[in-house]
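K.L.:
With the sequence up front, the predicted model follows.
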Amino acid sequence: MKINLSLLIVVVTVSLSKHFAYAQDLAPVNGVHDNRSTHYAFIHANIVDANQQLKDATLIIKDEKIEAVGNNISIPKDATVIDLKGKYIYPSFIDMYSNYGVAAPLKTERGAYEQMLSKKRGAYYWNQAIHPEVDAAQNFSRDANAAKTFRNAGFGVVLSHQQDGIARGSGCVVSLNDETDSKIILKEKASAHDSFSKGISSQD
């Protein structure tokens, strides 16, 4: 069977142009551009909202926005289907200022004389209160008791960072469930944190 290659290319090109049609976006992107549509269908889930609980329900999300919730919902053809049988979906608060799971640094004793230079070894800034290299995700460890306290207050996700210094490094977005550390970190280097307080630094 002979295939008209030129016709095939035209058909594929038209199909792609229809599938990836979107409005002009002038926002700068730090990294590789990826304009693919994100369409997900979470099926067979127990979905809880403020008024009721839906059993064996479906949640449709497109481009990070909820498109439909309920029973007997038709699943879009281009959606990635995820089976959540026996699992729950429920709304929760997000704490944007937290040190959950990130240990506070140990304070060093202040000497008898003024400390003018940093005691931190290595190629770091002369001011010990400036430490943008701190990475909350690398220092993170799940705290089951603290997570339970957060959940009881209605929180499901936190943005956590080390709350010390003027330049405090990067924070990470963390889920408050009981999975392992590697599974509950939703986004590493999600934020940069600064403060007017120098923290535990004993440097004058």
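P.N.:
That came through, no problem.

K.L.:
any idea how far Pro105 is from Lys148?
P.N.:
According to Cβ to Cβ, to the nearest Å, Pro105 stands 25 Å off from Lys148. Just so you know, the C-beta spots here come from the backbone N, C-alpha and C atoms, and that holds for glycine as well.

K.L.:
With Val134 instead?
P.N.:
Val134 sits 27 Å away from Lys148, going by Cβ to Cβ.

K.L.:
Those two: who's more crowded?
P.N.:
The neighbour comparison of Val134 against Lys148 (other Cβ atoms under 10 Å) goes to Val134, with 19 against 12.

K.L.:
Excluding chain neighbours, what is closest to that one?
P.N.:
Closest residue in space to Val134, ignoring its immediate chain neighbours: Gly169 at 2.9 Å, by Cβ to Cβ, 6 or more residues apart in numbering.

K.L.:
what are the phi and psi values for Ala68?
P.N.:
The phi/psi pair for Ala68 (degrees, to the nearest 10) reads phi -160, psi 150.

K.L.:
Local confidence estimate at the closest residue in space to it that isn't next to it in sequence?
P.N.:
The shortest distance from Ala68 to any residue other than its chain neighbours is 4.3 Å, reached at Ile60 (Cβ to Cβ, 6+ apart). Turning to Ile60, the model gives it a pLDDT of 95.

K.L.:
Show me which residues of the helix or strand hosting Ile60 are buried.
P.N.:
Taking DSSP states H and E as the definition, Ile60 sits inside strand 53-62. Of all the residues in strand 53-62, those buried under the rule 16 or more other Cβ atoms under 10 Å are Leu54, Ala57, Thr58, Leu59, Ile60, Ile61, Lys62.

K.L.:
Next: stretch 89-103.
P.N.:
Asp95, Ser98, Asn99, Tyr100, Gly101, Val102.

K.L.:
What of stretch 123-138?
P.N.:
Asn127, Gln128, Ala129, Ile130, His131, Pro132, Val134, Asp135, Ala136, Ala137.

K.L.:
Nearest to Asn30 among these?
P.N.:
Pro132 (16.5 Å; Cβ to Cβ).
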